[in-house]
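Visitor: This is a predicted model, with the sequence first.
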Amino acid sequence: MESVEHEDTKANAPSVIDRYYTRWYRADMKGKPCEDHCILQHSNRICVITLAETHPILQNGRTIKCINYQISNGCSRLKNKVSGKSKRGGQFLTDFAPLCRITCTDETEYTIYSCIRGRLLEVNENILETPNLLLEKPSTEGYIAVILPKFEESKSITENLLNRDEFENIISKRSSAQSQPS
Amino acid sequence: MLPLKEKDKPIIQKLLSAGCCARCILRFCCVSVQAAYRKPPEVRLMLQTYKSKDAAESETSEDPPNKRAKLETSITDAQSEEGAAAVVKLKDGDSRVCVVCLGILQELCGTTQITEAVKAGNYEFDTLVLSVSLPAQLCVREHSCWLHVKKEVREKGLVLNKDDVIQVKEAFKWIMQGMVAKELGGTAVVTKVSPFEVSVEFTHSETDADCHFLAATCPDCFKPTKNKQSVFTRMAVVKALEKIPDGKFLKHYPCPPKQPTSSCSPQEVQCLRVSVFVAGRYNKFCRSLPQTPWVIDGERRMESSVEELIAAPILSAFRADGFNFSSSGREDVDVRTLGNGRPFAMELLNPHKSRFSKEQMKQLQESSDKIKVRDLQIVTREAMSRMKEGEEEKTKSYTALVWTQKPIQREDISFIDDIKDLTLDQKTPLRVLHRRALAVRQRAIHSMSTRFLDSHHFYLRLKTQAGTYIKEFVHGDFGRTNPNLCQLLKTNTDILELDVEMKNMVLPFLCTYWYLFAFKCIKNCHFSLKQNVK
């Protein structure tokens, strides 16, 4: 009885993401295989950039050595400061603007990208202190950044993105490609 | 008997021949007896005796007979150009428009338009106040006539101050007030302050250009307007006339003024009753009702709203044109408001009916499965601004239905009851970040208590500081609220339902009918009314 109930509620569990956000994806970011990003778009048009569950960082038991928001000599995402209701001062990002560089303990390095055009509101500083959050909860507490697209562009930014079904198609194509003898 | 004197003779002569009407002549003679203006036939009679014994210009009246306004008068014409006791007569139907008042103190002193508008409006009122708006060029013409008689006056060794001349507006009101009062069945038409204002406006496009020369002579009086309205406002024109030297004025403007061919045009009479304020408390039982109408791109996204439901019966009973709604805080669409109810206040714009007893007010309290209104009462304007007072200082009580990902037992949640004064750091929740500034807010949860429901659900009651985001405390908002319930229970949690319990809230407005009465008495002594039109 108990376990049935448990399964039931788990299946029906309304997650915050399911209720308020739409999942969009960008696969093989900048041509790099499997570096998939997941963009959570809130109904109020704010977007949260996260790692898709297929991203290499989350595979093969990797652990994180360091996360660096300093993407160039003159630019650190940590210095991003917005003020006021209109979020003045936030760094404006394009699709391929780097957000941060993550180095894993096995010396693999990955760059996480913005994926959409918009104003950078904040980057997740919690993962600097607790990199494990990124591994354990990549879709929630391990988010990378929050971006506010321009009002006029709030619908058009999703034109270049894949929805959940399209993304799953790509994933299944990958696994069938892999299972084929080369 | 008219209070006219021998010294007024030259003024009367000059103004009559200049083309002034009888009432304007009385004004320039500084006659302040109101009754004099109301009885033009007498005026004419009296003026006769002061007409020059010398040859008077015979006023020819070749104008076609026009409709006679109620109070139009006639003066007997001079039969011969030589006249001993010359009598000036205007033929019946002569509609020679006065060069100063442009007909306002002549045929435009009709009450029909006003009384019709007031009756049509079907307002409830004890008193009314008349307000008049006249075209700015009247000041210019007045100034011109004043200069015209100034010389005569000075020659007699007398002084005629412009300020002593009775204003057109005043004379108009003296004439109209009594008549309007009578037509409306004895309503008191007061002179200073009344909650019910009837506005009359006149325009005269034919002579609008009369003011224009002032822009060249006194440019600093006329500021360019932001709207498309005329820059020649009454105030600006009066200011310019105060500054301009007589010589300069006479160079640019005829003295006496030119004869107009038409009278002023009356615009639509506007009736406005000053706003009435009501206040009360409301409970919200519905989880799909926004506070204000939810409209995006002209499309309504959610049916109805708290303010519309509350306003509906009140608006129709008061027969108001519109409303402004203000509440002491508000709740989300999906949150219920229980307990004593949340205080709110409403301004009712241009209410046609304004007197309601306590019993009648009770009838206007909306009650349904969505909303319940209580303590509805009429209050003062102060109530609106006081709605927002002290919002930050209050303590709020909430009940949340919490879901947990991992299965729980009673013992697992009992520790929550012991947590006291937990300080949260809440970053602006993502769900409101599009319209709020990004900031970190420290808020306190004073105490909590739990009620176990089943292995994945429990009720959580909270007493928190005002401004605490409860939903974000429960699900963590991507870890942007710390500490949060997920961390405390070491599992994913989410909030399924939220209710706010209104307690500990003293109504910010304390006015009962008694206070209202007392306040009204004080108000009538010296306040000026601010009026809003939606």
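Guide: On my side now, so go ahead. These numbers were taken from a predicted model, which means no experiment stands behind them.
Visitor: So which residues of chain A form helices?
Guide: Assigned by DSSP state H, chain A shows helices spanning A:2-12, A:16-20, A:126-129, A:132-136, A:164-179.
Visitor: Wait, B:Arg38 touches B:Ile175, no?
Guide: Yes. The criterion here is CB atoms under 8 Å, and B:Arg38 meets it with B:Ile175 at 5.7 Å. Any C-beta I mention is one placed from the backbone N, CA and C, and that applies to glycine too.
Visitor: residues from chain B in reach of chain A?
Guide: Contact residues (CB under 8 Å from any CB of the partner chain) of chain B with chain A: B:403, B:405, B:407, B:427, B:430-438, B:454-456, B:475-479, B:492, B:494, B:496.
Visitor: Might you list the low-confidence residue ranges for the stretch 251-400 of chain B?
Guide: Applying pLDDT under 70 to the stretch 251-400 of chain B flags the ranges B:390, B:392.
Visitor: And the residue of it that's closest to chain A?
Guide: Residue of the stretch 251-400 of chain B nearest chain A, by CB to the nearest CB: B:Asp334 (10.3 Å).
Visitor: just to revisit the earlier point, got CSV for the helices of chain A, with mean neighbour count too?
Guide: Converted to CSV, the helices of chain A look like this (neighbours: other CB atoms under 10 Å in any protein chain shown):
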stretch, mean neighbour count
helix A:2-12, 11
helix A:16-20, 15
helix A:126-129, 16
helix A:132-136, 17
helix A:164-179, 12
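Visitor: Of all these, which one comes closest to A:Lys87?
Guide: A:Lys87 lies closest, by CB to CB, to one member of the helices of chain A: helix A:16-20, at 19.7 Å.
Visitor: quick one: contacts for B:Ile114?
Guide: Applying CB atoms under 8 Å, 6 or more residues apart in numbering or on different chains to B:Ile114 gives the contacts B:Leu130, B:Met176, B:Val180, B:Val198, B:Val200, B:Val269.
Visitor: For the helix or strand where it lies, which residues meet the burial criterion?
Guide: Per DSSP states H and E, B:Ile114 falls inside helix B:112-121. Residues of helix B:112-121 classed as buried: B:Ile114, B:Thr115, B:Ala117, B:Val118, B:Gly121 (neighbour count, 16 or more other CB atoms under 10 Å in any protein chain shown).
Visitor: Stretch B:401-418 too?
Guide: By 16+ other CB under 10 Å, the buried positions in stretch B:401-418 come out as B:Leu401, B:Val402, B:Trp403, B:Thr404, B:Gln405, B:Pro407, B:Ile408, B:Asp412, B:Ile413, B:Ile416.
Visitor: swap in stretch A:48-57?
Guide: In terms of neighbour count (16+ other CB under 10 Å), stretch A:48-57 has its buried residues at A:Val48, A:Ile49, A:Thr50, A:Leu51, A:Ala52, A:Thr54, A:His55, A:Pro56, A:Ile57.
Visitor: Now for the residues you listed: which two are most distant?
Guide: With distances taken as CB to CB, the most widely separated pair in the buried residues of stretch A:48-57 is A:Val48 and A:Pro56, at 20.4 Å.
Visitor: Let me see the ranges of the strands in chain A.
Guide: Applying DSSP state E to chain A gives strands spanning A:21-26, A:37-42, A:47-51, A:64-68, A:92-93, A:98-104, A:109-113, A:118-123, A:145-148, A:162-163.
Visitor: Let me have those in CSV, adding mean pLDDT as columns.
Guide: Converted to CSV, the strands of chain A look like this (pLDDT from 0 to 100):
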stretch, mean pLDDT
strand A:21-26, 94
strand A:37-42, 95
strand A:47-51, 96
strand A:64-68, 93
strand A:92-93, 93
strand A:98-104, 94
strand A:109-113, 94
strand A:118-123, 95
strand A:145-148, 95
strand A:162-163, 92
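Visitor: Can you add distance to chain B and give those strands back as JSON lines?
Guide: As requested, those are exported to JSON lines (distance: least, CB to the nearest CB, whole Å):
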{"stretch": "strand A:21-26", "distance to chain B": "9"}
{"stretch": "strand A:37-42", "distance to chain B": "6"}
{"stretch": "strand A:47-51", "distance to chain B": "7"}
{"stretch": "strand A:64-68", "distance to chain B": "15"}
{"stretch": "strand A:92-93", "distance to chain B": "16"}
{"stretch": "strand A:98-104", "distance to chain B": "15"}
{"stretch": "strand A:109-113", "distance to chain B": "16"}
{"stretch": "strand A:118-123", "distance to chain B": "6"}
{"stretch": "strand A:145-148", "distance to chain B": "7"}
{"stretch": "strand A:162-163", "distance to chain B": "21"}
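Visitor: mean confidence for the particular helix or strand that has B:Leu214 in it?
Guide: Following DSSP H and E, one finds B:Leu214 within helix B:213-217. Helix B:213-217 shows a mean pLDDT of 85.
Visitor: What helices and strands are in contact with that helix?
Guide: helix B:234-243, helix B:246-252 (3 or more CB pairs under 8 Å, 6 or more residues apart in numbering or on different chains; DSSP states H and E).
Visitor: so of the ones you listed, which one's packed in deepest?
Guide: Ranked by mean neighbour count under mean count of other CB atoms under 10 Å in any protein chain shown, the helices and strands packed on helix B:213-217 are led by helix B:234-243, which reaches a mean of 17.
Visitor: so where's chain A uncertain?
Guide: For chain A (pLDDT under 70), the answer is A:1-14, A:179-182.
Visitor: Would you mind splitting chain B into its domains for me?
Guide: B:6-53+B:95-210+B:253-272, B:275-393, B:396-502 (the TED database).
Visitor: of the ones you listed, which approaches A:Glu152 most closely?
Guide: Closest to A:Glu152 of the domains of chain B is domain B:275-393 (CB to CB; 13.2 Å).
Visitor: Centre-most residue in chain A?
Guide: In chain A, the centroid-proximal residue (CA atoms, centre = their mean) is A:Thr50; its distance is 1.6 Å.
Visitor: my read: that residue touches A:Tyr143, true?
Guide: Yes. Using CB under 8 Å, A:Thr50 is in contact with A:Tyr143, at 4.9 Å.
Visitor: shared neighbours, those two?
Guide: A:Leu40.
Visitor: Look up how far chain A lies from B:Leu15.
Guide: Per CB to the nearest CB, to the nearest Å, B:Leu15 is found 63 Å from chain A.
Visitor: Confirm that residue sits in a helix?
Guide: Yes. Counting by DSSP: H, G, I helix; E, B strand; the rest coil, B:Leu15 is found in a helix.
Visitor: Not counting its neighbours along the chain, what's nearest it?
Guide: With sequence-adjacent residues excluded and distances taken as CB to CB, 6 or more residues apart in numbering or on different chains, B:Leu15 is closest to B:Ile25, at 4.9 Å.
Visitor: Next, the contact list for the one you found, please.
Guide: B:Ile11, B:Ile12, B:Leu15, B:Leu16, B:Leu47 are the contacts of B:Ile25 under CB under 8 Å, 6+ apart.
Visitor: now swap in B:Ser449 and tell me
Guide: Applying CB under 8 Å, 6+ apart, the residues near B:Ser449 are B:Ile416, B:Asp417, B:Leu460, B:Arg461.
Visitor: Next, the contact list for the second one, please.
Guide: Contacts were defined as CB under 8 Å, 6+ apart; by that measure B:Asp417 touches B:Met448, B:Ser449, B:Thr450.
Visitor: and the first one, what is it in contact with?
Guide: Contacts for B:Met448 were tallied using CB under 8 Å, 6+ apart; they are B:Ile416, B:Asp417, B:Ile419, B:Leu460, B:Arg461, B:Leu462, B:Lys463.
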